[in-house]
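A.B. asks: would you be able to build a 3D model of this:
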Amino acid sequence: MKAGQETRAKRPVKKYVRLNFREKDCQVIVIPDDNDLFCTTVDKAIKACKAYDEMTRCSEQFKTMLCEKLASWIKNHKDNIEQAFVTVTESGALFLVVRKSMKFDREFTYALADLDMKIAQDPELNLIKLSVLSLPHSSEEEYGTFLNPSSTFQYRRRSGAL
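C.D. replies: I've put the predicted structure just below:
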């Protein structure tokens, strides 16, 4: 090597498989590590990639931002709350709050509506479709009718109960 010449480290060459939207009807075969073949069109593969990307971003919004906002809200209203859940419904997620009292609480209702509006208008939670519902003091059998048994998260205090 001559003086003044720099050496460049060789980078490994990445291989890409290009799926071009102009070839939407072409067939694509995907072979995952379990050898369970997927055969689809370029158009469907592109849609699957976009859906996966959106699902990943939605999951991140749910885990990091939404759960923190709900936990903070619950903490600020814990004196009125007996139970709180997030469950998956056909139309999105449901934040279900079971109050300690049977009596209607206007301030609590307004606070929950305000939370609902703030979440709906938060650009960082744009992929989350959340509904909110407050129930008066109820039995597990009663509030359980609103919960999806396979997709429900219950908020708990560190000591065990809310």
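A.B. asks: which of the three states applies to I128?
C.D. replies: Under DSSP: H, G, I helix; E, B strand; the rest coil, the three-state class of I128 is coil.
A.B. asks: that one and S91 touch, don't they?
C.D. replies: No: with contact defined as Cβ atoms under 8 Å, I128 does not count as touching S91 (12.0 Å). Heads up, the C-betas are built off the backbone N, CA and C, glycines and all.
A.B. asks: give me the more crowded residue out of the two.
C.D. replies: Under the criterion of other Cβ atoms under 10 Å, the comparison of I128 against S91 puts I128 first, with 17 against 9.
A.B. asks: and the longest helix for the protein?
C.D. replies: Identified as the longest helix of the chain according to DSSP state H is helix 42-60.
A.B. asks: list the helices and strands the next helix or strand after that helix packs on?
C.D. replies: Toward the C-terminus, helix 42-60 is succeeded by helix 67-76 as the next helix or strand (DSSP states H and E). Packing partners of helix 67-76 (3 or more Cβ pairs under 8 Å, 6 or more residues apart in numbering; DSSP states H and E): strand 81-89, helix 106-121.
A.B. asks: of these, flag the one that's most buried.
C.D. replies: Most buried of the helices and strands packed on helix 67-76, by mean neighbour count (mean count of other Cβ atoms under 10 Å): strand 81-89, with a mean of 18.
A.B. asks: same question for it, mean pLDDT?
C.D. replies: For strand 81-89, the mean per-residue pLDDT is 94.
A.B. asks: in CSV, list the C-alpha atoms belonging to that strand.
C.D. replies: Output of strand 81-89 as CSV, limited to C-alpha atoms (Å, rounded to 0.1, in the frame of the first residue of the first chain):
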residue,chain,number,x,y,z
ILE,A,81,-61.7,2.4,42.3
GLU,A,82,-62.2,-1.2,43.4
GLN,A,83,-61.0,-2.9,40.2
ALA,A,84,-59.6,-1.8,36.9
PHE,A,85,-59.0,-3.8,33.7
VAL,A,86,-58.0,-3.4,30.1
THR,A,87,-59.6,-6.0,27.9
VAL,A,88,-59.7,-6.6,24.1
THR,A,89,-63.1,-6.3,22.4
